[in-house]
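K.L.:
let me see the structure of the following:
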Amino acid sequence: MGHVVIVGGPEAEPELLAIVLDEDEAIPLFDSVEEAEYFLTSLGDFATDWHPREVSAKELITLLEYQGDEVEYIALSPPPERLEGGMELNVIPRDSLTFLLQRQLDPQQEPEQPKGFLRRLFGR
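P.N.:
Purely as a prediction, here's the structure:
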């Protein structure tokens, strides 16, 4: 199964697109290039420097790990921006998605589980 992210931006070095969700940000992740393109068209002129990119699970893990703690969430197939109202957005913590993808790639290996809130808070 392919994963599609949106990359590009105004900077010289391409980056992952992040969208604003209330007080946080999320990286949109799509099932198809067409779905990502439809989302991009809803952004109008802002989308000029961005484009969809299909990546493997392994590449997605690398991109998400590179993102570090800058963006903590992944928005799964977010609706186009021009749709307003009671649209529900499916969001998953970035660390949880990385963990699931690692399990999918190598079910024999036990990747480090993402720490829960209390464990992160107390450093255990």
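K.L.:
point to the residue nearest the middle of the protein.
P.N.:
What sits nearest the mean C-alpha location of the chain, by C-alpha atoms, centre = their mean, is I27, with 3.2 Å.
K.L.:
a strand runs through that residue, doesn't it?
P.N.:
Yes: checked against DSSP: H, G, I helix; E, B strand; the rest coil, I27 lies within a strand.
K.L.:
relative to G8, how far out is it?
P.N.:
13 Å (C-beta to C-beta, to the nearest Å). No exception for glycine: its C-beta is placed from N, CA and C like everyone else's.
K.L.:
who touches both of these two?
P.N.:
Taking C-beta atoms under 8 Å, 6 or more residues apart in numbering as the contact rule, I27 and G8 both touch L17.
K.L.:
still on that earlier bit, just the pLDDT at the residue nearest to the centre of the chain, thanks.
P.N.:
Listed pLDDT for I27 reads 94.
K.L.:
quick one: residues contacting it.
P.N.:
5, 16-19, 64, 67, 71, 73-75, 94.
K.L.:
show me the beta-bridge partners of it.
P.N.:
I74 (DSSP bridges).
K.L.:
quick one: distance of the host helix or strand of I6 to the chain centre.
P.N.:
Using DSSP states H and E, I6 sits in strand 3-8. With C-alpha atoms, centre = their mean, to the nearest Å as the basis, strand 3-8 stands 8 Å off its chain's centre.
K.L.:
with just CA atoms, put it into CSV.
P.N.:
Taking C-alpha atoms only, strand 3-8 is exported to CSV below (Å, rounded to 0.1, in the frame of the first residue of the first chain):
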residue,chain,number,x,y,z
HIS,A,3,1.3,6.4,1.2
VAL,A,4,1.1,9.9,-0.2
VAL,A,5,2.5,13.0,1.5
ILE,A,6,2.7,16.6,0.3
VAL,A,7,6.3,18.0,-0.1
GLY,A,8,7.8,21.2,-1.3
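K.L.:
which residues are contacting that strand?
P.N.:
Applying C-beta under 8 Å, 6+ apart, the external contacts of strand 3-8 come out as 14-17, 27-33, 35-36, 39-40, 49-57, 60, 63.
K.L.:
sweet, I'm off.
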